[in-house]
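Undergrad: Here's a sequence, model it:
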Amino acid sequence: MWIEEKLKEIIAQAARDFDQIIAEERKIESSEDGTARGSHLDQILFDQKNEREQLWARLHELEDTFATSGSRKLFVLKVGAQVKYLSTLKVEQQELGKDLKEQIESVREIRRPKDETVNELQFKERLHSTVEQLHEALKTVDQELTDTTEALRREQTVLSECQQITEVLQQRVEEARQPEAMQRASIEAHETLNRLRDKHRTIMGELINFVNEHFPPHPVDGAPEMIDEGDEVDTCELAFLLEDLMNLAVLKPHDPYLTLIEGTYWSPYIETIIKAGIAVRDPENSSRIRLVDFRV
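TA: Just a heads-up that it's a prediction; the model follows:
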């Protein structure tokens with residue numbers, strides 16, 4: 001807006017100066033003959049004045065058209081908002097400049113003590129704190145070094161044992177690959193098997209003798225108490241019962257239960273082996289029992 005006003009002011013000043021010059025109607029003498037200027041120059045000046053008046057009339061007409069269309073007002077509003085924003089930025093710049101000057105002055109006003117005692121004390125305090133921190137770090141590093149050394153020692157011990165085991169196994173493998181060693185191993189296995197069989201037969205014989213001595217055959221449940229001499233009666237032998245349980249445990253490990261048929265056993269013998277932990281009942285069917293699995 002101020003640019004347009006300045007431009008108009010310049011144009012108006014030029015027009016006023018021109019009108020003043022024309023109004024004086026000064027006669028300029030010719031430098032050649034000393035007479036007044038010719039009428040041809042006056043005609044030129046008159047034509048320029050008429051042309052200037054026409055231009056001013058056209059300029060005023062354009063201004064009226066511009067103001068009527070509203071564009072002038074919009075331009076003024078836009079320029080006014082920009083000027084207002086620019087003014088706000090200038091004010092903020094001035095305020096920031098003031099704050100900056102105050103901060104600079106405050107920094108310059110910090111007084112440092114002339115006595116170096118304060119500086120020495122501060123330095124000693126920082127040095128003492130640094131030394132303490134380094135001592136703590138050294139303790140931590142020493143502890144980590146001790147733990148790492150102990151772990152390394154254990155790993156070396158394990159490695160040494162593994163190497164010894166590897167050497168022994170390699171020796172065993174080399175020995176086993178030799179025909180004499182294989183034959184000797186086969187003989188030793190056969191002898192071991194024979195010893196186990198002999199030991200098994202001995203144990204079974206002792207078990208049968210013990211059962212026959214302490215648990216003789218007894219009439220089954222439901223047998224008559226009084227029988228005539230020479231009559232046969234069904235009896236329950238604990239040795240046969242244990243033998244059946246062991247055979248089922250070996251031959252049918254997936255289903256080692258023995259079904260107790262009424263009239264073929266004596267209940268006290270069944271309860272004896274169950275309470276002794278030799279046999280257990282089927283949790284789903286109490287008439288079935290199996291040998292306890294004594295394998296380790």
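Undergrad: Quick one: list the elements packing against the longest helix belonging to the chain.
TA: Counting residues, the longest helix found in the chain (DSSP state H) is helix 117-177. Contacts defined by 3 or more CB pairs under 8 Å, 6 or more residues apart in numbering; DSSP states H and E place helix 117-177 against helix 179-214. C-beta coordinates here come from the backbone N, C-alpha and C atoms, glycine included.
Undergrad: Tell me which other helices or strands the helix it packs on touches.
TA: Under the contact rule (3+ CB pairs under 8 Å, 6+ apart), helix 179-214 is packed against helix 117-177, helix 238-251.
Undergrad: Do me a favour and average the pLDDT over the first one.
TA: For helix 117-177, the mean pLDDT works out to 89.
Undergrad: quick one on the thing from earlier: distance to residue 188 and mean neighbour count added to the helices and strands packed on helix 179-214, as CSV?
TA: Converted to CSV, these look like this (distance: least, CB to CB, whole Å; neighbours: other CB atoms under 10 Å):
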stretch, distance to residue 188, mean neighbour count
helix 117-177, 12, 10
helix 238-251, 25, 16
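Undergrad: Reformat these as JSON lines; add distance to residue 264.
TA: Below are these laid out as JSON lines (distance: least, CB to CB, whole Å):
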{"stretch": "helix 117-177", "distance to residue 264": "52"}
{"stretch": "helix 238-251", "distance to residue 264": "10"}
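Undergrad: Among those, single out whichever gets nearest to residue 211.
TA: helix 238-251 (4.5 Å; CB to CB).
Undergrad: Quick check: mean pLDDT of the closest one?
TA: For helix 238-251, the mean pLDDT works out to 88.
Undergrad: contact partners of that helix?
TA: 207-208, 211-212, 215, 255-258, 265, 269-270, 272-273, 278-279, 289-291, 293 (CB atoms under 8 Å, 6 or more residues apart in numbering).
Undergrad: relative to helix 179-214, how tilted is that helix?
TA: Compare the direction of helix 238-251 with that of helix 179-214 by axes from the mean of the first three to the mean of the last three CA atoms, to 10 degrees and you get 150 degrees.
Undergrad: could you point out which element follows helix 238-251?
TA: Counting by DSSP states H and E, the next helix or strand C-terminal to helix 238-251 is strand 258-259.
Undergrad: just to revisit the earlier point, pull out the buried residues from the contacts of helix 238-251.
TA: Buried by 16 or more other CB atoms under 10 Å: 211, 215, 256-258, 265, 269-270, 273, 279, 289-291, out of the contacts of helix 238-251.
Undergrad: As a markdown table, these with pLDDT and distance to residue 201 would be great.
TA: As requested, the buried ones among the contacts of helix 238-251 are exported to a markdown table (pLDDT from 0 to 100; distance: CB to CB, whole Å):
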| residue | pLDDT | distance to residue 201 |
| --- | --- | --- |
| 211 | 83 | 16 |
| 215 | 84 | 21 |
| 256 | 90 | 22 |
| 257 | 92 | 27 |
| 258 | 91 | 23 |
| 265 | 84 | 27 |
| 269 | 87 | 24 |
| 270 | 89 | 27 |
| 273 | 89 | 22 |
| 279 | 92 | 23 |
| 289 | 92 | 26 |
| 290 | 92 | 24 |
| 291 | 90 | 19 |
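Undergrad: between these, which is closest to residue 193?
TA: residue 291 (23.2 Å).
Undergrad: Beta-bridge partners for that closest one, please?
TA: Beta bridges link residue 291 to residue 279, judged by DSSP bridges.
Undergrad: Return the distance of residue 274 relative to residue 285.
TA: Distance of residue 274 to residue 285, computed by CB to CB, to the nearest Å: 14 Å.
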